[in-house]
Every structure is written in structure tokens, then in C-alpha cells.
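sequence and computational prediction follow.
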Amino acid sequence: MLKRICHMAPLLLLAGLIFTAPVVAAQTSQAFRQQNGLLAFDAPAWVLEGYFLAREKNPAYVFGPVGDFVAALGGTPTWLIEDLELKRLQEAAAAGKQPEYTLFLEVVLPERAQYWVFVVLPHASAQDWFDARRAFHGGKAQAYYGVTRQQLERALEQGLNIKAELRFLIEQGETSLQIPEEAIVDQYKIRPVFDLSAGRRLDSPAKTD
């Protein structure tokens, strides 16, 4: 009997680890939400249906749609927004304005939770996009971001309505130093759909190799 228990011990330990990992990941995500004042948020359909950039400066590609990207990551996804950001958004909406705002895409995986941080771009045209950036960088907006209005207009002409910019990834409470554009192509094998420099469509939306 003792021998059988000894033989079963590694299996029991493994089973315990399998069931414990999702619980730890969920507890970690709850702690992260509380520490950062994050609330569950229903991302608008136009954001999920829109496309996105994944590099703030000198983006090479357009990815998406956002909803397809979320599905390709796997895990349990939840959109979150900071409580103060939600208040700002609600006040702007009451004043008839549509500002840019930040959303966190929480993805709880069996062993960890990760947070993809997006800036939502509620702009109707490439001109609107650049006008919003000039508020921060003046005439240097194009030099700072490394993307031209013509490049964005070519993407829009292909039906790629860019509605978000993926700024960075947070894992285990630390901001990844890897540029999101590189991470989702190299690590997650998610294909871009449009080459900004070449001005041409590449492939079908948010598919992995």
C-alpha cells in the first residue's frame, strides 16, 4: 500500500500543479486590477472590427482586426479601463467629444496573466489622426511617428480602418521591453495584413503560422 502511494505521489503533485496554475493566474490578475484601478469594460464594436498599429514610432505594418487578434492570443480575455480614464471618457462623451483613450486587454493564461495596452483612435480619417498628434508634437508629428498621411490613406483605401495602437505588453507586473510589433510577429507568429512602406495588402486578418 505504501509503495503504491509513493508511486502515485508524483502524479498527485502534477495534478495539483495543473489545477493550481489557473487559480494563481486568476489571483494575480485580480491583484493587478486592484492595484491599478482597472474596471471591466465593453470595448466598442468599432474598435474590435477596426485594425491597429503595433509600434508607436516608425510602424511597419497594420494588424487586425482587433477582435481577430484577441481570438488568436487564446486564454480568457477581458477588456479593462482605469477608473479615472473611464470618468474622463464619460465626461468627454457628455460634452459630445470622442477622445483617444487607453484600454487594457487582459489575457489570463493557465500559467500567467498578460496585459496588452491599447490606445483607442476614434478618428475618421488620416488627417484627423495627424491633427490629434500635432496637438502633442506640432509640425514634428510625422518625423516623430515615422508614418506619413499618404501611407495611412493607402491603408484606409484598402478598407483597413485603423482604430487602435498597441503600445506595450505587461507580464508579471513588468512592462516588456520588446516592441509589440516585433513580439506579435516573432513570438506569437501573427501575420500583419498591410505593409505601410510598400502600400500593399499582405494577407488575411490576424492569422498565425
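Cool, got the structure. Numbering: from 1, shown residues only.

now the helices for this structure?
Applying DSSP state H to the chain gives helices spanning 2-36, 45-48, 66-73, 83-94, 126-137, 141-145, 149-157, 180-182.

which one of the ones you listed has the poorest average confidence?
Lowest mean pLDDT within these: helix 2-36, at a mean of 56.

may I ask you to name the longest strand in this protein?
strand 162-171 (DSSP state E).

what's that strand packed up against?
helix 45-48, strand 51-53, strand 113-120, helix 149-157, helix 180-182 (3 or more Cβ pairs under 8 Å, 6 or more residues apart in numbering; DSSP states H and E). Placement of C-beta: from N, CA and C, glycine included.

in a markdown table, list these along with distance to Leu196 and mean neighbour count.
Listed next are the helices and strands packed on strand 162-171 as a markdown table, based on distance: least, Cβ to Cβ, whole Å; neighbours: other Cβ atoms under 10 Å:
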| stretch | distance to Leu196 | mean neighbour count |
| --- | --- | --- |
| helix 45-48 | 20 | 15 |
| strand 51-53 | 8 | 26 |
| strand 113-120 | 18 | 21 |
| helix 149-157 | 5 | 17 |
| helix 180-182 | 11 | 18 |
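
tabulate these (TSV), appending distance to Gln172.
Shown next, in TSV, are these (distance: least, Cβ to Cβ, whole Å):
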stretch	distance to Gln172
helix 45-48	26
strand 51-53	24
strand 113-120	8
helix 149-157	34
helix 180-182	17
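
to Leu166, which of those lies closest?
helix 180-182 (4.5 Å; Cβ to Cβ).

please name the residues that touch the residue most central in space within the chain.
The centroid of the chain falls nearest to Trp116 when counting by Cα atoms, centre = their mean (3.9 Å). Trp116 makes contact with 73, 104-105, 107, 166, 169, 180, according to Cβ atoms under 8 Å, 6 or more residues apart in numbering.

and for stretch 96-110, what's in contact with it?
Contacts for stretch 96-110 (Cβ under 8 Å, 6+ apart): 21-22, 25-26, 29, 32-33, 38, 41, 43, 47, 70, 73-82, 85, 88-89, 92, 113-122, 132, 164, 167.

filter those residues down to the buried ones.
With burial judged by 16 or more other Cβ atoms under 10 Å, the buried subset of the contacts of stretch 96-110 is 25, 29, 32-33, 38, 41, 43, 47, 70, 73, 77-82, 85, 89, 113-118, 120-122, 164, 167.

so what's Trp79 scoring on pLDDT?
The model's pLDDT for Trp79 equals 98.

dig out what it forms beta bridges with.
Trp79 forms beta bridges with Leu105, as assigned by DSSP bridges.

might one say that it is in contact with Ala40?
Yes - with contact defined as Cβ atoms under 8 Å, Trp79 reaches Ala40; the gap is 7.1 Å.
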